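Undergrad: how would this look folded up:
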Amino acid sequence: MEALVQTPHSSPTPSRTLTSRRTLLTFIGAAVVAGPLVATQTASAGQTASAGQTAARAGGLDDPAKKEIAMKLVCSAENSSLDWKNYYRYIEDIDDGRGYTAGIIGFCSGTGDMLDLVELYTRRKPGNVLAKYLPALRRVDGTDSHDGLDPNYPRDWARAAADQAFQQAQNDERDRVYFNPAVKQGKADGIGVLGQFCYYDAIVMHGDGGDSTSFRNIRKRALRSATPPAQGGDEVAYLHAFLDARVWAMKQEEAHEDTTRVDTAQRVFLNKRNLSLNTPLEWKVYGDSYRIG
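TA: The predicted model follows:
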């Protein structure tokens, strides 16, 4: 099986900091509802009770039907396709300084999450076709090097992608690192399905590290100009502020100066006040039109 190499209209991969995210994951999952990230932390007792009610009312992107929509939306921006399940075998170096980018969410050999994925796969299935690359993946972590991976790593990645165990490992790492933290923080902020998706898409592209363009700092930037529903704010106004902060972050990196995934997708849904991402959905990314429902 050959690896799937995409030729997208724009860079299809998440733009996380090159620094290994292994140092970041300890507080992605554990602290996503603690410390400064949680809007309810500074609320009064009355506000906290109201925030809990608001969050309870907020729909969940983790509903299976909504999650499927989320995966299609991200795939339209990352891979110019809605068929996200076709991208377990995707692998390419797009010359963004992060080495190989691969799989359904753009795991990168230079940023640690690809290493975490292959380690998980190997714990579940020792002796798999990618296990032999673990020493090389540890060496190249934090760099754009292919040392020890070429020439056969892309071919073997595609072979592994035919294995349901590897597909499940990709699903599980996507959820652990990106999807679940986004949904958890969104519910804590009292925002609904669309807002949780906006968070998820931001974490996919920017990661959740300490740099100024990471998800947590995009959110902090939004909080300086708007209040989330969990603190009594207007959801639409808050999400516009978040998307404004997201556009600013995207423009800090040349590979993501095209902000259509916000301007002609997420902002379209928000302007229609489709806060639950109800179908039918119509949007554009990089000028291409898409529809669900």
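
Undergrad: all contacts plus neighbour counts: C-alpha atoms, from now on.
TA: OK.

Undergrad: Just give me the neighbour total for Asn217.
TA: 19 (other C-alpha atoms under 10 Å).

Undergrad: Surely it and Gly210 touch.
TA: Yes - using C-alpha atoms under 8 Å, Asn217 is in contact with Gly210, at 7.4 Å.

Undergrad: Just give me the neighbour total for Glu254.
TA: Neighbour number of Glu254 under other C-alpha under 10 Å is 10.

Undergrad: got the contact list for it?
TA: For Glu254, the contact set (C-alpha atoms under 8 Å, 6 or more residues apart in numbering) is empty.

Undergrad: Please tell me how far it sits from Gly287.
TA: Distance, Glu254 to Gly287, by C-alpha to C-alpha, to the nearest Å: 18 Å.

Undergrad: got it, and Ala169?
TA: Distance of Ala169 to Gly287, given as C-alpha to C-alpha: 33 Å.

Undergrad: Which of those two has more residues huddled nearby?
TA: Set side by side, Ala169 and Gly287 show more neighbours around Ala169, with 20 against 11, by other C-alpha under 10 Å.

Undergrad: The more buried one is in what secondary structure piece?
TA: helix 164-174 (DSSP states H and E).

Undergrad: center of this protein - which residue?
TA: In the chain, the residue lying closest to the centroid (C-alpha atoms, centre = their mean) is Val204, at 1.9 Å.

Undergrad: Would you check that it makes contact with Tyr178?
TA: Yes - taking contacts as C-alpha under 8 Å, Val204 lies within contact range of Tyr178: 6.2 Å.

Undergrad: residues in contact with Ile218?
TA: 212, 242, 245-246, 249.

Undergrad: Could you identify the buried members of the residues you listed?
TA: 242, 245-246, 249 (16 or more other C-alpha atoms under 10 Å).

Undergrad: the strands in the chain, which residues?
TA: 91-92, 101-102, 107-108, 281-285, 288-292 (DSSP state E).

Undergrad: What is the first one packed up against?
TA: What that stands for is strand 91-92. strand 101-102, helix 153-160 (3 or more C-alpha pairs under 8 Å, 6 or more residues apart in numbering; DSSP states H and E).

Undergrad: How about the fourth one?
TA: The helices and strands touching strand 281-285, judged by 3+ C-alpha pairs under 8 Å, 6+ apart, are helix 260-261, strand 288-292.

Undergrad: and the first one, how far out from the chain's middle?
TA: For helix 260-261, the separation from the chain centroid amounts to 15 Å (computed by C-alpha atoms, centre = their mean, to the nearest Å).

Undergrad: Can you tell me which of the strands of the chain is most buried?
TA: strand 107-108 (a mean of 28; mean count of other C-alpha atoms under 10 Å).

Undergrad: Identify the neighbouring strands of that one in the sheet and state each direction.
TA: Strand pairing for strand 107-108, determined by DSSP bridges: strand 101-102 (antiparallel).

Undergrad: where does the strand it pairs with sit relative to the chain's centre, distance-wise?
TA: Relative to the centre of its chain, strand 101-102 is centred 13 Å away, using C-alpha atoms, centre = their mean.

Undergrad: now that strand: mean pLDDT?
TA: On average, the pLDDT along strand 101-102 is 96.

Undergrad: for stretch 205-223, same thing?
TA: 95.

Undergrad: now it, how far from the chain's geometric center?
TA: With C-alpha atoms, centre = their mean, you get 12 Å for stretch 205-223.

Undergrad: Same question for that stretch: list its buried residues.
TA: Buried-residue list, stretch 205-223, by 16+ other C-alpha under 10 Å: 205-209, 213-223.

Undergrad: pull the CA atoms of that stretch into PDB?
TA: Only the C-alpha atoms of stretch 205-223 are listed here, as PDB (Å, rounded to 0.1, in the frame of the first residue of the first chain):
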ATOM      1  CA  MET A 205      -3.600  23.800  14.300                       C
ATOM      2  CA  HIS A 206      -1.800  25.600  17.100                       C
ATOM      3  CA  GLY A 207      -1.400  23.000  19.900                       C
ATOM      4  CA  ASP A 208      -1.700  24.100  23.500                       C
ATOM      5  CA  GLY A 209       1.700  25.100  24.600                       C
ATOM      6  CA  GLY A 210       3.100  28.200  26.200                       C
ATOM      7  CA  ASP A 211       3.700  30.200  23.000                       C
ATOM      8  CA  SER A 212       1.600  33.300  22.200                       C
ATOM      9  CA  THR A 213      -0.300  31.500  19.400                       C
ATOM     10  CA  SER A 214      -1.200  28.400  21.300                       C
ATOM     11  CA  PHE A 215      -4.800  27.600  22.100                       C
ATOM     12  CA  ARG A 216      -4.600  28.600  25.700                       C
ATOM     13  CA  ASN A 217      -3.200  32.000  24.800                       C
ATOM     14  CA  ILE A 218      -5.700  32.500  21.900                       C
ATOM     15  CA  ARG A 219      -8.400  31.900  24.500                       C
ATOM     16  CA  LYS A 220      -6.700  34.300  27.000                       C
ATOM     17  CA  ARG A 221      -6.600  37.000  24.200                       C
ATOM     18  CA  ALA A 222     -10.300  36.500  23.600                       C
ATOM     19  CA  LEU A 223     -11.100  36.800  27.300                       C
END
